[in-house]
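Engineer: generate coordinates for the sequence data below:
(2 chains)
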Number of protein chains: 2
Amino acid sequence: MTKTQHITARHVVIKSRPDSALMPEHFEITETQLPALKPGEFLICNHILSLDAGFRQWMNAGASDNYLSEMPLGEAVQSIILGQVVDSLNEDYPTGVYVVGRTAWQDYSIADGSDLMSIIDIDNGVSPEQYLSALGPSGMTAYFGLTGIGQPTACDTIVVSAAAGGVGSLVGQMAKILGCKTIGLTSSDEKCQWLTTELGYDIAINYRSATPLLEQIQQAAPDGVDIYFDNVGGEMLDTIMQHLALNARLVLCGAISQYDADKDTGIYNLWQLVTKRARAEGFMFSDYVDQYPQASQQLAQWINDGLLKAPLNLSYGLEATAQSFCDMLEGKNTGKSLVILKTPQ
Amino acid sequence: MTKTQHITARHVVIKSRPDSALMPEHFEITETQLPALKPGEFLICNHILSLDAGFRQWMNAGASDNYLSEMPLGEAVQSIILGQVVDSLNEDYPTGVYVVGRTAWQDYSIADGSDLMSIIDIDNGVSPEQYLSALGPSGMTAYFGLTGIGQPTACDTIVVSAAAGGVGSLVGQMAKILGCKTIGLTSSDEKCQWLTTELGYDIAINYRSATPLLEQIQQAAPDGVDIYFDNVGGEMLDTIMQHLALNARLVLCGAISQYDADKDTGIYNLWQLVTKRARAEGFMFSDYVDQYPQASQQLAQWINDGLLKAPLNLSYGLEATAQSFCDMLEGKNTGKSLVILKTPQ
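Structural biologist: You can find the predicted model right below:
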């Protein structure tokens, strides 16, 4: 008999599908009695939930693709989590170890070792929060997107959208370490200030200011944009396409502007990729899983050398999760959004 | 004193700019007395004009970019030509040699060795027409787009738009030689027949037929499209993006559907590049100029082995040029469109 039979788990589930903008009222908290573990399964007590904008798309009806399927109504919202194994019928994941993987917005999860699950070493000087930011999915997304697709050189000018977000806040710092001129796009003067003073961006642009974005980009990058790290898609991507340098690389990481179904915006300047012999390429951090060890080592080194900060935007408790996720989609956060459920003992 | 002072040259010039579709009446033929050659210049008697859809875009007002500038009204239309040097003040281009380069729709051109100008060997078994098709800009565009950007393997399914055109007719054959499954898109059942019987395409799709293109593509490529060689842009590109295989490559070669200014169509499925970890990349054949010798050797080999045909769509005389160019933009041609002005002696 396993512990699960005594546990009532709490979940944040999708109550209804968003017609347009996602709101906290699309979610509710439910409770279920956990079933007994089957052979190969283990029980995780979740300590931290990682809020990642990319998961937004699978909340829409019919949003299945190679990566995930449409999230069913009434079921817990899928998410990357960090937690501790507290019961186990899987010898590879014994009771007591800490894991990071994809389960859901819930206080307890049953897992079987699939879904990107891996054991982490909580005693090596890396904080649990860092495992879900600079050394987690956001860090890997920033690192592999920048180095693998963006291929920066010290002569390059890079523009990063959602620059104050969980991924963007890391991309700008990494690009700076690699010698680029860095330009961050964000939604307020306050966040612009934060980008330049806290994260070392060379230039920060408030895309909501009165001056058109294209004009601001032309001024900030007079020779054109060599790398565009795109977390936003839509109109912003279309604007940047009008000011590319020769042989530009567009790192297609996310399309936060496009997840709300009624906002699909066309791209009218794709032809610029021919004129500028430029490349636009999509990726998922999980494609690079065999290169995680080297990347982790590099990122930990930068953190230890004081070159890379992992800014956090923390919320507390399952109840705060839906609101915090919606706030992030609206760009209210600076840094990586995490929900703390429990502090490791 | 040079010969030019005795020569009246005839030119096809842009008379007015197209508001939408380009028509023969946007052009007229003018005559000018050629000026004396300056030091470094030479006079070319043009034998063949190459009609390339890409030049269409620079006929629009304000269409300047890194490659060319807006073509001025009243001046001869820029074009790749093949001709013979008949007078010269440039010792690198002596009288009698044959050249290929970018001058204009005219019977005589003055050049200085820039603008992609190179001397060709007219006696090596390669016909002058082949120098402007399979071994010229169209051949190099097909070869470097396919091998450099598309990077085909024998497991790949490739879709080629404007498959019966000057570039597309070569891409399909090259991809077949390299082991791909080849699917050609064209505008009539007659051309479909030609693609499969004459050029060896595995499947030809008439995108104007009653069955929606997406449905036809899904049927022809059940596992998705690995490579899309795009000569068309716009709605067709947007449709193909909905059926990409993982790690697909989109070779952005041309946007023939977009050159008529009132037809700008948005791309709504760019996000598929993230989901499918796919790459879209533009290029110009002239970027690969240092690799021409190897490419020429490979292409000549394929031609001599009977593996690669260079189908031609010939017109005759300067008077026929504008009509033939407009016909090509409408997809009335099969194979490479050339205008024969003079047969080499």
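Engineer: report the contact partners of the residue of chain A found nearest chain B.
Structural biologist: Chain B sits closest to A:G266 of chain A, with a gap of 1.9 Å, by Cβ to the nearest Cβ. Heads up, the C-betas are built off the backbone N, CA and C, glycines and all. Shown in contact with A:G266 (Cβ atoms under 8 Å, 6 or more residues apart in numbering or on different chains): A:D238, B:T265, B:G266, B:I267, B:Y268.
Engineer: repeat that for A:R17.
Structural biologist: With Cβ under 8 Å, 6+ apart, A:R17 has these contacts: A:H26, A:M59, A:N60, A:A61, A:L73.
Engineer: of those residues, closest to B:G83?
Structural biologist: When the contacts of A:R17 are ranked by distance to B:G83 (Cβ to Cβ), A:N60 comes first, at 58.8 Å.
Engineer: and chain A, which of its residues are near chain B?
Structural biologist: Within chain A, the positions near chain B by Cβ under 8 Å from any Cβ of the partner chain are A:65-67, A:233, A:237, A:246, A:252-255, A:258, A:264-268, A:270-284, A:287.
Engineer: in three-state terms, label A:S133 for me.
Structural biologist: Assigned with DSSP: H, G, I helix; E, B strand; the rest coil, A:S133 falls in the coil class.
Engineer: so it sits against A:K309, correct?
Structural biologist: No: A:S133 lies out of contact with A:K309 (Cβ atoms under 8 Å); the separation is 9.8 Å.
Engineer: neighbour count for these two, which is higher?
Structural biologist: Between A:S133 and A:K309, counted using other Cβ atoms under 10 Å in any protein chain shown, A:S133 has the larger neighbour count: 28 against 17.
Engineer: pull the contacting residues for that one.
Structural biologist: A:G139, A:G166, A:L170, A:A310, A:L312, A:G335, A:K336, A:L338 are the contacts of A:S133 under Cβ under 8 Å, 6+ apart.
Engineer: re earlier: quick one, which of the contacts of A:R17 are buried?
Structural biologist: For the contacts of A:R17, a burial check counting by 16 or more other Cβ atoms under 10 Å in any protein chain shown picks out A:H26, A:M59, A:N60.
Engineer: quick one: which of those residues sit in helices?
Structural biologist: Assignment to helices by DSSP state H places none of the buried ones among the contacts of A:R17 there.
Engineer: still on that earlier bit, possible to save the contacts of A:S133 as TSV with secondary structure and neighbour count?
Structural biologist: Formatted as TSV, those follow (DSSP: H, G, I helix; E, B strand; the rest coil; neighbours: other Cβ atoms under 10 Å in any protein chain shown):
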residue	secondary structure	neighbour count
A:G139	helix	29
A:G166	coil	32
A:L170	helix	30
A:A310	coil	23
A:L312	strand	20
A:G335	coil	22
A:K336	strand	28
A:L338	strand	26
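Engineer: tell me which two of these sit farthest apart.
Structural biologist: Pairwise over these, using Cβ to Cβ, the maximum falls at A:L170 and A:L338, 13.9 Å.
Engineer: re the thing from before, hmm, which of the contacts of A:G266 is lowest in pLDDT?
Structural biologist: Of all the contacts of A:G266, B:T265 carries the smallest pLDDT score, 79.
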